[in-house]
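>>> predicted model and sequence below, questions to follow.
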Amino acid sequence: MATLRPLNDRVVVKQVTPEQKTSGGIILPDSAQEKPTEAMVIAVGPGKTLDNGKVVPVDVNVGDRVIYAKYGGTEIKLGGEDYVILRQDDILAVKE
């Protein structure tokens, strides 16, 4: 299987499957579920290069769980798996 190496300030994430049930035990059909916005970081680019040539590293690390903008990023399929490539600016928070 090929691996992805993101460029600049991009991050490759794998979406975390949303909960299939409500807290009351009701099973949600796929059509009623929102697009997941939580993901696990799979790969991180080296960082953004500023005009003066300095590289600012990305603030997340491989293995972090992140929350990202609902319609941010580019969805891709690689080796039968779905991934999203995001810019660092599309990541809203790191879940700790």
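Good, I have the coordinates. Numbers count the residues shown, from 1 in each chain.
>>> so what's residue 14 bridging to?
Beta-bridge partners for residue 14, by DSSP bridges, are residue 40.
>>> was I right about it contacting residue 86?
No - counting by CB atoms under 8 Å, residue 14 stays clear of residue 86, with 11.5 Å between them. Bear in mind the C-beta positions are built from the backbone N, C-alpha and C, glycine included.
>>> more neighbours: these two, which one.
Comparing residue 14 with residue 86 by other CB atoms under 10 Å, the one with more neighbours is residue 86, at 23 against 14.
>>> which secondary structure elements does the helix or strand containing that one contact?
Residue 86 is part of strand 81-87, with elements assigned from DSSP states H and E. Counting by 3 or more CB pairs under 8 Å, 6 or more residues apart in numbering; DSSP states H and E, the packing neighbours recorded for strand 81-87 are strand 10-15, strand 74-78.
>>> and the next helix or strand past it?
strand 91-95.
>>> that next one versus strand 10-15: what angle between them?
Between strand 91-95 and strand 10-15, the angle comes out at 60 degrees (axes from the mean of the first three to the mean of the last three CA atoms, to 10 degrees).
>>> may I see the buried residues of strand 91-95?
Under the neighbour-count criterion of 16 or more other CB atoms under 10 Å, strand 91-95 has residue 91 buried.
>>> indicate each strand paired with that strand and its parallel or antiparallel sense.
Strand 91-95 has these strand partners (DSSP bridges): strand 65-68 (antiparallel).
>>> what lies in contact with the strand it pairs with?
Identification of contacts with strand 65-68 by CB atoms under 8 Å, 6 or more residues apart in numbering yields 11, 13, 16, 37-41, 60, 84, 86, 90-95.
>>> not counting sequence-adjacent ones, nearest residue to the residue nearest the centre of the chain?
Centroid-nearest residue in the chain, with CA atoms, centre = their mean: residue 13, separated by 3.4 Å. Take residue 13 and drop its neighbours on the chain: the residue closest to it by CB to CB, 6 or more residues apart in numbering is residue 39, 3.6 Å away.
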